[in-house]
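> Structure of the sequence below:
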Amino acid sequence: SLLARMPRLRMSAEGIRDTMLQISGLLELQMGGEPIYPPQPTGIWRHVGRNAPKYKTSTETNRYRRGIYVIWRRSAPYPSFTNFDAPERTACVVSRSRTNTPLQALTLLNDPMYWEMTKALGQQIHSVRLESLREQLRYAFVRTVSRNPSEREIDILEELYKETVVQLSKRPKDLEALAGGKDKGASPELGAWYYLANVLLNLDETITRN
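Alright, predicted model coming up:
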């Protein structure tokens, strides 16, 4: 048989976004057209002057198109991409640097775009009807990292799921804050899947090319 080896590297900024969109089932495959404006903190595009450009966040499925279509302003690049070492494009670069900073973890945990992906994945896992909780966890794991989990990994996720259901049942305000928006009446079970989807999407294995 043939053996091959490839370096284990964290994916590019655009690759991470596209991969998570695919995992969550949100990826819009429309090609070509105008650039998209994904959610970003307010005020980044504010400039001194009378004709300050306005950042109009894309809506519906248009915001879920691939990272190559994200609008890029050299004086104010998309922060989610710069946090993952995408170049500012003010000068030509031969290759991108690769860093590992706490800001990257905070981006994946809190950025509105990634939280939309987390909720979409959680809803899909919750809606899948399998024979047991362990089978649902196995499905979620394979969907995220493309390999079968060990029994130990399933045990950890099962314990986390059950603990989260109990906690959210006792703390309705935490459940409301976790679900938010249109899902304010979400069940503790759905909230627990949101929590586990967030865990799975933030695994090092999820954002790393193996």
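> what kind of secondary structure is Arg129 in?
coil (DSSP: H, G, I helix; E, B strand; the rest coil).
> residue ranges of the strands in the chain, please?
Secondary structure of the chain, counting by DSSP state E: strands at 9-10, 208-209.
> how about those, which one is nearest Arg46?
Closest approach to Arg46 among the strands of the chain is made by strand 9-10 (31.5 Å; Cβ to Cβ). Yep, even glycine has a C-beta here, placed from its N, CA and C like the rest.
> can you redo the strands of the chain as CSV with mean pLDDT and distance to Lys162?
Shown next, in CSV, are these (pLDDT from 0 to 100; distance: least, Cβ to Cβ, whole Å):
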stretch, mean pLDDT, distance to Lys162
strand 9-10, 90, 32
strand 208-209, 88, 28
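> Just list the residues touching Pro41, thanks.
Pro79 (Cβ atoms under 8 Å, 6 or more residues apart in numbering).
> Switch the strands of the chain over to JSON lines; also include mean neighbour count and distance to Ser187.
Converted to JSON lines, the strands of the chain look like this (neighbours: other Cβ atoms under 10 Å; distance: least, Cβ to Cβ, whole Å):
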{"stretch": "strand 9-10", "mean neighbour count": "14", "distance to Ser187": "35"}
{"stretch": "strand 208-209", "mean neighbour count": "12", "distance to Ser187": "33"}
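> Can you pull out the low-pLDDT segments for the protein?
1-4, 47-52, 181-185 (pLDDT under 70).
> Please list all residues in contact with Tyr194.
Neighbouring residues of Tyr194 by Cβ under 8 Å, 6+ apart: Thr118, Lys119, Gly122, Leu178, Ala179, Ala186.
> same thing but 6 Å
Neighbouring residues of Tyr194 by Cβ atoms under 6 Å, 6 or more residues apart in numbering: Lys119, Gly122, Leu178.
> any idea how far it lies from Arg8?
29 Å (Cβ to Cβ, to the nearest Å).
> Stretch 126-134 spans what distance, first to last residue?
13 Å (Cα to Cα, to the nearest Å).
> now swap in stretch 87-95 and tell me
9 Å.
> what about the longest helix in this protein?
Taking DSSP state H as the criterion, the chain has its longest helix at helix 151-170.
> For that one, list the C-alpha coordinates in CSV.
Listed next in CSV are the C-alpha coordinates belonging to helix 151-170 (Å, rounded to 0.1, in the frame of the first residue of the first chain):
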residue,chain,number,x,y,z
GLU,A,151,-16.1,5.2,23.8
ARG,A,152,-14.3,7.4,26.2
GLU,A,153,-15.1,10.5,24.1
ILE,A,154,-18.7,9.5,23.9
ASP,A,155,-18.8,9.0,27.7
ILE,A,156,-17.4,12.6,28.2
LEU,A,157,-19.9,14.1,25.8
GLU,A,158,-22.8,12.1,27.3
GLU,A,159,-22.0,13.3,30.8
LEU,A,160,-21.6,16.9,29.6
TYR,A,161,-25.0,16.7,27.8
LYS,A,162,-26.8,15.3,30.8
GLU,A,163,-25.2,17.8,33.2
THR,A,164,-26.1,20.7,30.9
VAL,A,165,-29.8,19.6,30.6
VAL,A,166,-30.0,19.6,34.4
GLN,A,167,-28.4,23.0,34.8
LEU,A,168,-30.5,24.6,32.1
SER,A,169,-33.7,23.1,33.6
LYS,A,170,-32.8,24.7,37.0
